[in-house]
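1. Okay, here's the prediction I keep looking at, along with the sequence it came from:
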Amino acid sequence: MAWDRRRRRGSDSGPWAFLAHNLSLALFVVLALGILIAARVQDNMFERAREAFNDAGAPVMEALTGPAVEVKRWSDGVGSLFAVYKENQRLREENERLLAAQSELAYLQRKVQRYEELLKAPAEADVTSVAARIIADAGGPFVHTVLINAGRAQGVTKGQAVVDERGLLGRVVASGNHSARVLLLSDLNSRIPVMVEGANLKAILAGDNSGRPALEYLPPGSRITAGSRVVTTPDGGVFPPGIAVGKVASGSQMPRVELYTAEGRADFVRVLHYTAPVDVDDAEPEPMPGAKTDPAKGKAGAAPVAPAAATPPQAAVPSAGGTLAAARQPT
Amino acid sequence: MLETLQISLLWLARRVWLSLPLLVTIAVMLITMAPANLFRGLAPAPDLVLVSVFFWAIYAPGFLPAWAVFLVGLTQDFATGGPIGFWALTYLIAYGFTLSQRVFLSGRSGPGVWIGFAIVAAATSVVVWVLGSITYARWLPAGHVLYQAVVSVIFYPLVAQLLLRLRRTLTTAREAI
């Protein structure tokens, strides 16, 4: 009411006068604007604060997850009650198809293994995974992220791929000690290197706030057919190759991808730990002809004999020091 | 000694009591973020924080002052992982706009305030859209934002009823006036 009185007493009106009457409001508006601009200019400004906040909030959200999942199960149950018969029939048919596919898969697996042996193909990179639970779901208008209850302590680091049983969900953008934030594929900031199977075309899957992200940077004039599978590529060394992402959607001007994972359906996810294979030759690199090398390291061909003091510590054993140091000199 | 303890305990209890609107607003936000996904796939979840900010701005701004709105917004920024300061600014603008319209709304009956909330929600969604487009440096689809505003308006009477109960239990405090 105090404000009303002031307002009545004041002769002027309009937003500026209003802000002048509410000094603290004006102050906090300016502060919020300042933070927004500062965070925009310097991207990683609040990274540590975010991590700390996530870690602090994780136990609270985890406590809320129990009842929330119960509510979800209940509402899902009510929905599916009416479709039990149809669902059962669909599952039967699907099961038959899957059984047929399974035996074919086993056959193909053996075949591929034999071919790989024949070709001496290098083994594919190891992909290990960490299981985690989604504990918070930010359902804002622009931001599509989820919080999971695994962090650095479980080996989850920034950039790792997050999948559920259907396919790729997103990637880790920040990880605290026991929690991590996952940027979903539909988020405005999500950009993932993918490949359209069949056409073997590489593209970038760009989230644009819709359920169907767009395929960008396709080579001009390329033709892709609706329904083609879209999978991840190891380009950039972040994602393991071949994780299912979705299939090319039909009937739109811009090529879009129908994702296999739907937001809000997953509750348990796996975070993939992948190290891109790098071919390493065991042989030492040959020194460049005429290249100057540090004599202190005691291994250069043209350099004078290194003094004993400069030999590595493990070589400086009192009795054998001299001989070891001598043995290390290149001939 | 005992008296000091008693006084400080009473002081603390009073502080907690008076910050109940702030705590309830943050709690409501966190509950909306729990992965129950009741609305996912059908409609966007209602912006219950906006309902709360509007409610307290109309009925008792003393219980949710500007710093508290700022804090709520900042919490939402951190909790969603979006640009920091976005929701803090948005809710402060919504709060200020509601305060400026308070003279027209405070004496009205339920449906009148409901219409008031609809106007504030529409204005806020415009702010969200413009601010979002500036922050992300591209035109964002406005449909989702407007849709969320509609869902929030539909949910307003229910949430306002609950907040009104809280408001009534808090009513004896001087700060409310």
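-> Alright, I've got the coordinates. The structure presented is a predicted model; accordingly, all values stated were derived computationally and were not measured.

2. Below-threshold pLDDT in chain A: ranges please.
-> A:1-15, A:17, A:19-20, A:79, A:123-125, A:139, A:252, A:263-264, A:276-331 (pLDDT under 70).

3. which residue ranges form the helices in it?
-> A:2-9, A:15-21, A:23-41, A:47-81, A:84-119, A:321-328 (DSSP state H).

4. ditto for chain B
-> Counting by DSSP H, the helices of chain B are B:2-18, B:20-33, B:48-59, B:66-80, B:86-100, B:102-105, B:110-136, B:143-169.

5. Which stretch among the helices of chain A is buried most, on average?
-> helix A:23-41 (a mean of 17; mean count of other C-beta atoms under 10 Å in any protein chain shown). Yep, even glycine has a C-beta here, placed from its N, CA and C like the rest.

6. Contacts for it, please.
-> A:19-20, A:45-46, B:65-67, B:69-70, B:73-74, B:83-86, B:88-89, B:92-93, B:95-96, B:99, B:135 (C-beta atoms under 8 Å, 6 or more residues apart in numbering or on different chains).

7. repeat that with 6 Å
-> A:19, A:45-46, B:66, B:70, B:83-85, B:88-89, B:92, B:96 (C-beta atoms under 6 Å, 6 or more residues apart in numbering or on different chains).

8. Then stretch B:58-66?
-> A:24-25, A:28, B:21, B:56, B:105-106, B:167, B:175-176.

9. Which single residue of the stretch 1-150 of chain A ends up nearest chain B?
-> Residue of the stretch 1-150 of chain A nearest chain B, by C-beta to the nearest C-beta: A:Leu36 (3.2 Å).

10. Contacts (any at all) between chain A and the one helix or strand in chain B whose mean pLDDT sits lowest?
-> Using mean pLDDT, DSSP states H and E, the weakest-scoring helix or strand in chain B turns out to be helix B:102-105, at a mean of 80. No. Helix B:102-105 lies out of reach of chain A by C-beta under 6 Å from any C-beta of the partner chain, never closer than 6.5 Å.

11. Just the buried positions in that helix, please.
-> By 16 or more other C-beta atoms under 10 Å in any protein chain shown, the buried positions in helix B:102-105 come out as B:102, B:105.

12. what do you get for stretch B:118-129?
-> Buried-residue list, stretch B:118-129, by 16+ other C-beta under 10 Å: B:118, B:120-121, B:123-125, B:127-129.

13. Distance of A:Ala262 relative to A:His144?
-> 12 Å (C-beta to C-beta, to the nearest Å).

14. One more: B:Leu166?
-> 32 Å.

15. likewise B:Pro157?
-> 29 Å.

16. One more: B:Val127?
-> 20 Å.

17. and what of B:Tyr136?
-> 13 Å.

18. Likewise for A:Lys72?
-> Counting by C-beta to C-beta, the gap from A:Lys72 to A:His144 is 18 Å.

19. Please tell me how far the least confident helix or strand of chain B is from the chain's geometric centre.
-> Centre-to-centre, helix B:102-105 and its host chain are 18 Å apart (C-alpha atoms, centre = their mean, to the nearest Å).

20. Now do it: everything it contacts.
-> B:58, B:113, B:116.

21. List the contacts of A:Ala226.
-> Applying C-beta under 6 Å, 6+ apart, the residues contacting A:Ala226 are A:248, A:250.

22. For chain B, see how far away it is.
-> Distance, A:Ala226 to chain B, by C-beta to the nearest C-beta, to the nearest Å: 23 Å.

23. Same check on A:Pro213?
-> 13 Å.

24. what about that residue, neighbour count?
-> Residues lying near A:Pro213 (other C-beta atoms under 10 Å in any protein chain shown) number 28.

25. burial measure for the closest residue in space to A:Tyr274 that isn't next to it in sequence, as a count.
-> Nearest residue to A:Tyr274, sequence neighbours excluded (C-beta to C-beta, 6 or more residues apart in numbering or on different chains): A:Pro240, at 4.3 Å. Other residues lying near A:Pro240 total 21 when counted by other C-beta under 10 Å.

26. Kindly give the local confidence score, pLDDT, for B:Ser125.
-> B:Ser125 carries a pLDDT value of 93.

27. higher neighbour count, B:Tyr136 and A:His144?
-> A:His144 (26 against 16).

28. Thought A:Ser186 was touching that one, still the case?
-> Yes. Between A:His144 and A:Ser186 there is a contact under C-beta atoms under 6 Å: 4.8 Å.

29. Contact residues of chain B facing chain A?
-> B:33-37, B:40, B:45, B:66, B:70, B:78, B:80-85, B:88-89, B:92, B:96, B:100, B:132, B:136, B:141, B:144-145, B:148, B:177.
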